[in-house]
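J.: Whatever this is, show me its structure:
(2 chains)
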Protein chains: 2
Amino acid sequence: MNGAEVTVRTLQDQGIDLCLANPGTSEMHFLGALDAHPGLRPVLVLQENVSTGAADGFARIAGRPAATLLHLGPGLANGLSNLHNAARALSPIVNIVGDHATAHRRLDAPLTSDIEALSRTVSVSTRTILPGRGAAAETAAAVADSMGAKPGIATVLLPADAAWSDAELPDGPLPRAERAGAKIDDAVIQAALDALKTPGAILFLGHRALRGTALQDAARIAERTGAALMAQTANPVTDRGAGRTPVERLPFARLVARERLMDVPVLVLAGAAAPVAFFGYPQERGQIYAPHTRLVELSRPEDDTGAWLAALAKACDAPAYVAPDAPARPDIPDGPLDAAAIGAVLAHDMPEGTILVDECVTNGVPIFTATASAAPHQWLQNTGGSIGYGAPVSVGAALAAPDAPVLAIIGDGSAMYSLQALWTQARENLNVTTLILANRSYRILQGEVGNLTPRNRGATMQDMLEIDRPTLDFVKMAEGMGVPGRRVGDTASLRAALAEAFNTRGPMLIELTL
Amino acid sequence: MNGAEVTVRTLQDQGIDLCLANPGTSEMHFLGALDAHPGLRPVLVLQENVSTGAADGFARIAGRPAATLLHLGPGLANGLSNLHNAARALSPIVNIVGDHATAHRRLDAPLTSDIEALSRTVSVSTRTILPGRGAAAETAAAVADSMGAKPGIATVLLPADAAWSDAELPDGPLPRAERAGAKIDDAVIQAALDALKTPGAILFLGHRALRGTALQDAARIAERTGAALMAQTANPVTDRGAGRTPVERLPFARLVARERLMDVPVLVLAGAAAPVAFFGYPQERGQIYAPHTRLVELSRPEDDTGAWLAALAKACDAPAYVAPDAPARPDIPDGPLDAAAIGAVLAHDMPEGTILVDECVTNGVPIFTATASAAPHQWLQNTGGSIGYGAPVSVGAALAAPDAPVLAIIGDGSAMYSLQALWTQARENLNVTTLILANRSYRILQGEVGNLTPRNRGATMQDMLEIDRPTLDFVKMAEGMGVPGRRVGDTASLRAALAEAFNTRGPMLIELTL
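T.: Predicted coordinates for the structure are as follows:
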């Protein structure tokens, strides 16, 4: 076997079965190894930020890493912004980055660059396979790194000569990486419990606290202690909808958020970080919680928060979980679309088990609020703030859950960052419905103009925040990539288009005129 | 004035009048400063790799830097691969990267990342403006860095608090950066001259050697010494076409290139690097020149090669320049399109002064060969090897030369990397005609399969090298971004579409079915 084959076999032995690829010359032996050792499914993308965003979406839904295959430094560079987002989501990903043959690297050929330096800005580990050795050990270690104490991006450089040189596969498969369980500390549990009994206390949830039994245990603890539940502003996956405990989300708008937390005596952090503003503003504290608010850490974002919440629920002898009654669905208004109307439609029409990828930006809050009454679903958010995450993440989510309806809701400005993802949706016939919220502007920035009150506002600034000239026609762009497109301007048309999309296998794009 | 205003004013004072922008919240005061101090024209793009590629194209044609405006680490990351290409083209560019306010950075808000580390992978300098100081000095120094002894990318971090805090503009404008002239060394001239008189010697040209009087001086030297002229495989700009000295180009195909140089006793490098293969291959030397070939350096790629060639021409008392007769234009075949037929059409139909942006990939050689007889034009190449450079570079070239016809010829796989550039072409009504060579595959990689003879070839590998499923419809995608599109499948239709494009102000896309 050559090094590429050993790498591919080791990825498979470690449980990786998906490779999001945009290969080049230096990755040719890796492609050959995919043919020789089937079981690592390659999915082709047209730009690397689709690879990395899809790997993020896959990790969130499947709970395990996919591999990417990237072409030297520029290939990694193209995928960095979605790796940034994925790192913030604590999504495990294993990047395989092809590099020049070792001897060729010294010659400074055109594609040569400092791949390690790029990798280190987003990765928990950066490893290099050497010709003739390291293929199995480094690959297995990378998979373990990606699922380590702090899950994240593990990057492996595979120089061309390491790929084509003979290499050894160990006699037996290397042990699979397993996530270490939480070591529960009774003193931490007791401190959290004491804090939660403070009148006005909040159990502040993030990451794994918002899913499955962890969320149920949080509800039980709140019931017992009287503490309120609140979620971080952005989380990788939230289980929600009818029959699930609704959790108030800390608003993105920092002034509103700060007012909400103003009188809170203590925040108990469960899988959550202490809340800070997205940006800094003149003469403002960056933290969202009040100076007098006490922070008590039950578990960090990367921890096995489910175990901590279970222990806490047991310690306070919390009552059995009772599923709440579903809130009433909002009435669907006739006529034109706005965020509340879209939310009302989705509250009625989203199938159970929908994976909703939220890149709604300024329209997010009304849609989130309205869909609390929808059938049970999962809600995925952009945890890193780099736009262009929605379309790629929906590719990965659909690959992880091929029979689930995946619904990506994306602002027009964000969508233009990584629209190439549509082509992969068509190629793989993925069940992704993409709603484009076409407000023809970087609306969130128009709001920031008011926040920042720059001394000078004028036509130039305004012009930089509008994307209405020329009009973007997403239906044509989707059709150009093999995805059927519809354009809707009222709730009845939206419902008809959604029915078509959810009843048809494969992708569809619906442009919503706002 | 605030720091953003001082930065904007200083950029203008240093001769920068174009800013390729995709701003976010942290760049809001910079936008305000553009309103307060008109003269730095902002051009909006939909993804940062369009900013950076356009700045590369602008620098190549205008000979001076444009600014980019990028949103924190992810914004810079999105633009890195075209910065990689630009650095290899030695294009001066000044990146302004907004960052969190200094105090906010410590809080690790979602968009926080190591911007300096990203910058250093491509930049000749990375500077940071501090609140209340450094805005003028660091900005002026960055412009100087970009045009320094080794021109390139100069990156300035502008934290939000440095942008909004009061800052001082110096009483008089800071001195403008000027490129240092070459210090001619007679011993170097004499060594080059002696080498060129060796029978079979080649004067190997790159970068500034391929333009204007430098190229004429190279022709005069060749005439006097008997040396042959040859150009590097990829160069930022080559002046060519009827009436200009034709220069053989070292082939990209390494085996052909190596055979061509096999018997060459000496290469005199004028603005060129010693040629190496694009990739390394098993059991092959990476260099393209033979082991016995002597290398003599007249000037490096970053040097003022025009001055060195002028001195060399004088030292050998070279004859006056005589423009060569134009070669005969190839006949245009009837019927379907291939690279030779496209080249023949362009040889006839390209207007004088065309700026041709070459991302033809596998179709490049026949088109290049045929257009030696076209009206005088400039030929721009991808010097860094990261695909997705063509559409953005053509934006910048058109901004630098608004009345010139810009013709971008782009393979379909490459085009999908940065197609968002079309929208900016429409928005700014740029005179860019884009030809998409639609062969529905990563054809160059299909060739590499043969080069590398990986042990395993099969359906999976083949599937990763084809982009025919689903079919990409570039006409629809162009129309979706406000650019008129045509599809042509034979030479007559191509000529008609080109005539329409060249006779109409503004962009057009022509998809060529191959």
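J.: can you pull out the helices in the stretch 401-514 of chain A?
T.: A:412-415, A:421-427, A:443-452, A:459-464, A:474-480, A:491-503 (DSSP state H, counting those that start in this stretch).
J.: How about the stretch 1-150 of chain A?
T.: Using DSSP H, counting those that start in this stretch, the helices of the stretch 1-150 of chain A run over A:3-13, A:28-36, A:48-62, A:72-78, A:80-88, A:102-105, A:115-120, A:135-146.
J.: what helices or strands is the longest one leaning on?
T.: In other words, helix A:48-62. strand A:18-21, strand A:67-71, helix A:72-78, helix A:80-88, strand A:93-99, strand A:377-381, helix A:390-400, helix A:421-427 (3 or more C-beta pairs under 8 Å, 6 or more residues apart in numbering or on different chains; DSSP states H and E). Where you see a C-beta, it was placed from the backbone N, CA and C, and this is true even at glycine.
J.: For those, give me CSV that also has mean neighbour count, distance to chain B and mean pLDDT.
T.: Shown next, in CSV, are the helices and strands packed on helix A:48-62 (neighbours: other C-beta atoms under 10 Å in any protein chain shown; distance: least, C-beta to the nearest C-beta, whole Å; pLDDT from 0 to 100):
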stretch, mean neighbour count, distance to chain B, mean pLDDT
strand A:18-21, 26, 6, 98
strand A:67-71, 29, 9, 98
helix A:72-78, 29, 3, 98
helix A:80-88, 30, 4, 98
strand A:93-99, 28, 10, 98
strand A:377-381, 25, 10, 98
helix A:390-400, 31, 13, 98
helix A:421-427, 28, 5, 98
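J.: so can I have TSV of these showing distance to A:Gln283?
T.: Converted to TSV, the helices and strands packed on helix A:48-62 look like this (distance: least, C-beta to C-beta, whole Å):
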stretch	distance to A:Gln283
strand A:18-21	45
strand A:67-71	43
helix A:72-78	37
helix A:80-88	27
strand A:93-99	39
strand A:377-381	29
helix A:390-400	34
helix A:421-427	41
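J.: Phi first, then psi, for A:Asp304.
T.: Backbone torsions for A:Asp304, taken as degrees, to the nearest 10, come to phi -80, psi 80.
J.: For it, give its distance to chain B.
T.: Between A:Asp304 and chain B the computed distance is 22 Å (C-beta to the nearest C-beta, to the nearest Å).
J.: And for A:Ala478?
T.: Separation of A:Ala478 from chain B (C-beta to the nearest C-beta): 8 Å.
J.: residues in the stretch 101-250 of chain A within reach of chain B, list them.
T.: Residues of the stretch 101-250 of chain A lying near chain B by C-beta under 8 Å from any C-beta of the partner chain: A:101, A:103-104, A:107-111, A:113-114, A:117-118, A:120-122, A:160-161, A:164, A:234.
J.: buried stuff in the lowest-mean-pLDDT helix or strand in chain A?
T.: In chain A, no helix or strand scores lower on mean pLDDT, DSSP states H and E than helix A:443-452, which sits at a mean of 78. Of the residues in helix A:443-452, A:443-445, A:448-449, A:451-452 count as buried by neighbour count, 16 or more other C-beta atoms under 10 Å in any protein chain shown.
J.: Measure how it sits relative to helix B:28-36, angle-wise.
T.: Angle, helix A:443-452 to helix B:28-36, by axes from the mean of the first three to the mean of the last three C-alpha atoms, to 10 degrees: 80 degrees.
J.: okay, the angle between helix A:443-452 and strand B:67-71?
T.: 90 degrees.
J.: Can you name every helix or strand that helix A:443-452 contacts?
T.: helix B:28-36.
J.: Could you check the angle the helix it packs on makes with helix B:3-13?
T.: Angle, helix B:28-36 to helix B:3-13, by the same axes, to 10 degrees: 50 degrees.
J.: Could you export helix B:28-36 as CSV, CA atoms only?
T.: Taking C-alpha atoms only, helix B:28-36 is exported to CSV below (Å, rounded to 0.1, in the frame of the first residue of the first chain):
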residue,chain,number,x,y,z
MET,B,28,-18.5,51.3,9.6
HIS,B,29,-16.4,54.3,10.5
PHE,B,30,-14.1,53.7,7.5
LEU,B,31,-17.3,53.9,5.3
GLY,B,32,-18.2,57.1,7.0
ALA,B,33,-14.8,58.5,6.3
LEU,B,34,-15.3,57.7,2.6
ASP,B,35,-18.3,60.0,2.6
ALA,B,36,-16.4,62.7,4.5
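J.: Okay, and which of the residues of the stretch 101-250 of chain A next to chain B map to strands?
T.: Among those, DSSP state E puts none in strands.
J.: And those, which of them are buried?
T.: Among those, those classed as buried by 16+ other C-beta under 10 Å are A:101, A:104, A:107, A:109-111, A:113, A:118, A:121-122, A:160-161, A:164, A:234.
J.: returning to what we had before: need the contact partners of the least confident helix or strand of chain A.
T.: Residues outside helix A:443-452 that contact it (C-beta atoms under 8 Å, 6 or more residues apart in numbering or on different chains) are A:279, A:281-282, A:361-362, A:411, A:457, A:461, A:465, B:23-25, B:28-29, B:164.
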